[in-house]
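Student: missing the sequence, but the structure's below:
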């Protein structure tokens with residue numbers, strides 16, 4: 001995970017847009033969590049809104065509890081970041097400007113940005 005943090009930090013400091021680097025499946029999950037944590041967005045789950053820091057911490061905890069189901073980014077999105085496992089209610093990402101986006105769509109868009117083109 002440290003390598004992902006270093007790569008993310010280096011990319012943030014660079015003014016040039018660099019081509020994405022191929023990450024391991026767990027590296028992609030870590031990068032998605034970092035992307036959310038640094039986005040300034042909030043996560044609405046079961047009627048509660050968590051700020052970006054609390055939501056990222058909560059998502060990490062949920063991913064840890066579901067480690068047997070999470071083998072990569074798609075599994076993370078489907079089994080952790082998409083909906084409540086108890087109520088089945090979809091999560092919503094609330095952007096800084098108040099725009100509401102389904103969590104599944106938000107995380108899939110970030111994943112597409114992380115992956116190098118085929």
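Tutor: In hand now; what should we look at? Just so you know, these numbers come straight off a predicted model, no measurement behind them.
Student: strands of this protein, start to end?
Tutor: Using DSSP state E, the strands assigned to the chain run over residues 42-45, 48-50, 92-94, 100-102.
Student: and these: which comes nearest residue 78?
Tutor: Of all those, the one in closest proximity to residue 78, counting by C-beta to C-beta, is strand 100-102 (12.8 Å). The way it works is simple: take the backbone N, C-alpha and C, and place the C-beta from them, glycine included.
Student: now the strands of the chain in JSON lines, with mean pLDDT, mean neighbour count and distance to residue 113?
Tutor: Formatted as JSON lines, the strands of the chain follow (pLDDT from 0 to 100; neighbours: other C-beta atoms under 10 Å; distance: least, C-beta to C-beta, whole Å):
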{"stretch": "strand 42-45", "mean pLDDT": "98", "mean neighbour count": "20", "distance to residue 113": "19"}
{"stretch": "strand 48-50", "mean pLDDT": "97", "mean neighbour count": "13", "distance to residue 113": "23"}
{"stretch": "strand 92-94", "mean pLDDT": "98", "mean neighbour count": "20", "distance to residue 113": "15"}
{"stretch": "strand 100-102", "mean pLDDT": "98", "mean neighbour count": "13", "distance to residue 113": "14"}
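Student: adding distance to residue 27, write these out as CSV.
Tutor: CSV is the format used below for the strands of the chain (distance: least, C-beta to C-beta, whole Å):
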stretch, distance to residue 27
strand 42-45, 22
strand 48-50, 24
strand 92-94, 22
strand 100-102, 24
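Student: what pLDDT is listed against the residue nearest the centre of the chain?
Tutor: Geometric centre of the chain, nearest residue: residue 32, 3.3 Å, by C-alpha atoms, centre = their mean. Listed pLDDT for residue 32 reads 97.
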